[in-house]
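Participant: With the input below, show me the fold.
(2 chains)
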Amino acid sequence: KAGVTQTPRYLIKTRGQQVTLSCSPISGHRSVSWYQQTPGQGLQFLFEYFSETQRNKGNFPGRFSGRQFSNSRSEMNVSTLELGDSALYLCASSWGDRAYEQYFGPGTRLTVT
Amino acid sequence: GEDVEQSLFLSVREGDSSVINCTYTDSSSTYLYWYKQEPGAGLQLLTYIFSNMDMKQDQRLTVLLNKKDKHLSLRIADTQTGDSAIYFCAEAENDSGAGSYQLTFGKGTKLSVIP
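Facilitator: Residues are numbered from 1 along each chain as shown, chains lettered A, B, ... in the order given. Prediction:
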């Protein structure tokens, strides 16, 4: 069975631009969570989507948003990029009723210049 | 708030056992995890334990949970050079019973295996 896929794997953007990252969960998984990984802050939870609805949200500014489609694929968007948004963005998928068992994708490395 | 602490580095010789330790503060943690991250890669779920368990064994991996002391450990038997990676401890609780689990991670322990 294919794992979690994320596209693109690498991205370079300029401060002030916006970016959209994509995550395709493991087949049959209906929950997708997003995490940001930076050297300074470590891994931090952004939000979780289940059945096209945001079910949980971390402590990030409103510039960070997401959505989930009917096929469970998810996108996250960051508007007005700042240098501090440079990070590895990881998504994790899980069965909706076993959302404690999260499987991560390879991540998207975002660099903001 | 929740906090997960782990030492930053561990160095062992190939063939020895490795023990990575972690402490957490949230007494309502339901699940505790160990993830592995290799350079340039995402997180690989190694194992997790439900909070009412004391121990879980899976091949070379043994997880011990001391709920009273809020201490979790991961023992890797017969450590190999391929085990060199960063190991993250994490905890989660069910958010308001809605079925959502938000993982809180430690900073990671870098395991170096000396041939």
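
Participant: The closest residue to B:L111 other than its chain neighbours and B:K110, how far apart?
Facilitator: Sequence neighbours aside, B:L10 is the residue nearest to B:L111 in space, at 5.1 Å (criterion: Cβ to Cβ, 6 or more residues apart in numbering or on different chains). Backbone N, C-alpha and C define where each C-beta goes, glycine included. The gap separating B:L10 from B:K110 is 7 Å, by Cβ to Cβ, to the nearest Å.

Participant: Am I right that A:A2 is in a strand?
Facilitator: No - applying DSSP: H, G, I helix; E, B strand; the rest coil, one finds A:A2 to be coil, outside a strand.

Participant: From the structure, what's the count of residues near it?
Facilitator: 8 (other Cβ atoms under 10 Å in any protein chain shown).

Participant: Same check on the one 10 residues further on?
Facilitator: Applying the criterion other Cβ under 10 Å, we find 11 residues in the vicinity of A:I12.

Participant: three-state assignment of it?
Facilitator: Per three-state DSSP, A:I12 ends up strand.

Participant: which residues touch it?
Facilitator: A:110-113 (Cβ atoms under 8 Å, 6 or more residues apart in numbering or on different chains).

Participant: same deal with B:K107?
Facilitator: The neighbourhood of B:K107, defined by Cβ under 8 Å, 6+ apart, consists of A:42, B:5-6, B:8.

Participant: tell me which parts of chain B are close to chain A?
Facilitator: Contacts of chain B with chain A, taken as Cβ under 8 Å from any Cβ of the partner chain, map to B:30-31, B:35, B:41-45, B:48, B:88, B:90, B:92, B:94-95, B:98-108.

Participant: re earlier: please pick the buried ones from the contacts of B:K107.
Facilitator: The neighbour-count test (16 or more other Cβ atoms under 10 Å in any protein chain shown) marks A:42, B:6 as buried among these.

Participant: how about the residues of chain A that lie near chain B?
Facilitator: Near chain B, when you scan chain A using Cβ under 8 Å from any Cβ, you find A:4, A:6, A:31, A:33, A:35, A:42-43, A:45, A:48, A:50, A:55-56, A:58, A:90, A:92, A:94, A:96-97, A:99-107.

Participant: Sitting in strands, which of those residues do you find?
Facilitator: A:6, A:31, A:33, A:35, A:42-43, A:45, A:48, A:50, A:55-56, A:90, A:92, A:94, A:103-104 (DSSP state E).

Participant: Of these - the most surrounded one?
Facilitator: A:E48 (31 neighbours).

Participant: By mean pLDDT, point me to the weakest helix or strand of chain A.
Facilitator: The least trusted helix or strand in chain A, going by mean pLDDT, DSSP states H and E, turns out to be strand A:53-57, with a mean of 93.
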